[in-house]
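J.: Output the structure for:
(one chain, ligands or ions: 1)
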Amino acid sequence: MAPIAEKHKEVRTKRLLLRPLELDDAEDMLDVRRSPGAFHFIPRALDTSPDSVREWISSCLTRPNCYNFAVTVLPDGSQGQGQRSRVIGGMGAIRTPEIGYMIHSAYWGQGLATEALEAFMNVYWEHVAELDPPCNYAVAYTDIENWSSRRVLEKCGFKLCKISEHDVEHPTMGTRSTAHYWLQKPNTAFEGEVDVTSEAWKKALESVYIS
Ligand SMILES: CC(C)(COP(=O)(O)OP(=O)(O)OC[C@H]1O[C@@H](n2cnc3c(N)ncnc32)[C@H](O)[C@@H]1OP(=O)(O)O)[C@@H](O)C(=O)NCCC(=O)NCCS
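T.: Now for the predicted structure:
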């Protein structure tokens with residue numbers, strides 16, 4: 001997979017700067033990942049130390065199909081020049097073309113995830129167009145009852161295309177179901193009909209994982 005171009009390494013919005021994750025973000029990301037509710041719907045053990053987050057960041061940095069950012073809040077006028085922006089979350093394609101995100105719960109409900117995802121998708125399309133083979137879609141999976149995540153996806157144009165019943169064993173909530181979302185790059189067409197029962201759709205879903 002081609003390296004990430006410099007022009008695809010920064011995303012700015014009105015309130016946010018998304019920039020590549022660094023190992024030095026481990027403490028801040030631990031804070032995000034341990035914020036109340038962050039892993040409520042995510043079926044994995046909670047991080048207990050900056051070391052485990054460092055390991056995760058390191059795996060992101062070395063995986064060729066990972067295109068992931070730290071979400072930072074741009075300093076307002078009251079903060080000193082040159083001050084490091086606060087990391088409040090993560091956003092990106094953890095396994096291209098699968099999109100994922102997390103925002104520190106202290107910042108929920110302000111439209112920040114939507115703002116970040118909308119802006120991220122613009123550079124995502126440019127980035128994945130340069131892959132070999134190029135990619136013109138994105139997918140996202142979320143717990144069927146993760147309403148805020150589903151809402152973020154829908155506000156950014158993702159379409160619900162499939163529900164997998166009882167496909168996840170959550171460590172505390174038991175068996176869960178997953179909502180699958182799909183977003184086609186603007187002005188491009190899926191070859192075939194986005195019909196989750198069709199062979200074309202099954203093939204497309206199998207082929208989206210760029211390993
Ligand atoms: C999902 C998450 C990123 C949303 O972040 P956020 O910054 O609060 O999102 P936004 O403010 O941009 O949008 C949230 C939307 O969900 C809506 N919402 C929140 N709770 C809801 C609920 N229980 N039912 C329906 N809608 C809900 C909000 O009203 C808002 O929609 P609106 O703008 O139309 O009012 C955040 O909750 C998070 O990090 N969760 C933990 C990690 C996670 O689950 N990630 C997704 C894994 S797939």
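J.: secondary structure class for the closest residue to residue 178 other than its chain neighbours?
T.: In space, and not counting its chain neighbours, residue 178 is closest to residue 164: 4.6 Å by Cβ to Cβ, 6 or more residues apart in numbering. Every C-beta, even on glycine, is put in place using the N, C-alpha and C of the backbone. Under DSSP: H, G, I helix; E, B strand; the rest coil, residue 164 falls in the strand class.
J.: who's in contact with residue 164?
T.: The contact partners of residue 164, taken as Cβ atoms under 8 Å, 6 or more residues apart in numbering, are 177-178, 180.
J.: Which single one of the residues you listed is nearest to residue 103?
T.: Of all the contacts of residue 164, residue 103 sits closest to residue 178, with 20.5 Å by Cβ to Cβ.
J.: distance between stretch 7-27 and the chain's centre?
T.: Remark: stretch 7-27 is offset 13 Å from the chain centroid, using Cα atoms, centre = their mean, to the nearest Å.
J.: Report whether that stretch contacts the ligand.
T.: No: residues of stretch 7-27 contacting the ligand under Cβ under 6 Å from any ligand atom: none, with a closest distance of 10.4 Å.
J.: Mind listing what's buried along that stretch?
T.: 8, 11, 13, 15-21, 25-26 (16 or more other Cβ atoms under 10 Å).
J.: all strands for this protein, in order.
T.: With DSSP state E, the ranges of strands along the chain come out as 11-12, 16-20, 67-73, 86-95, 98-103, 137-143, 159-170, 174-184.
J.: quick one: residue 131 from residue 142, how far?
T.: Here the criterion is Cβ to Cβ, to the nearest Å. By it, residue 131 lies 24 Å from residue 142.
J.: which of the two has more neighbours?
T.: The residue with more neighbours, out of residue 131 and residue 142 and counting by other Cβ atoms under 10 Å, is residue 142; that gives 21 against 16.
J.: quick one, what contacts that one?
T.: Taking Cβ under 8 Å, 6+ apart, we find residue 142 in contact with 41, 149-150, 153, 178-179, 181.
J.: Confirm for me that residue 87 is in contact with residue 70.
T.: Yes: the criterion here is Cβ atoms under 8 Å, and residue 87 meets it with residue 70 at 4.9 Å.
J.: Common neighbours of the two, please.
T.: Common contacts of residue 87 and residue 70 (Cβ under 8 Å, 6+ apart): 25, 28-29.
J.: what's the residue closest to the geometric middle of the chain?
T.: In the chain, the centroid-proximal residue (Cα atoms, centre = their mean) is residue 100; its distance is 2.2 Å.
J.: so how far is the ligand from it?
T.: For residue 100, the distance to the ligand (Cβ to the nearest ligand atom, to the nearest Å) stands at 6 Å.
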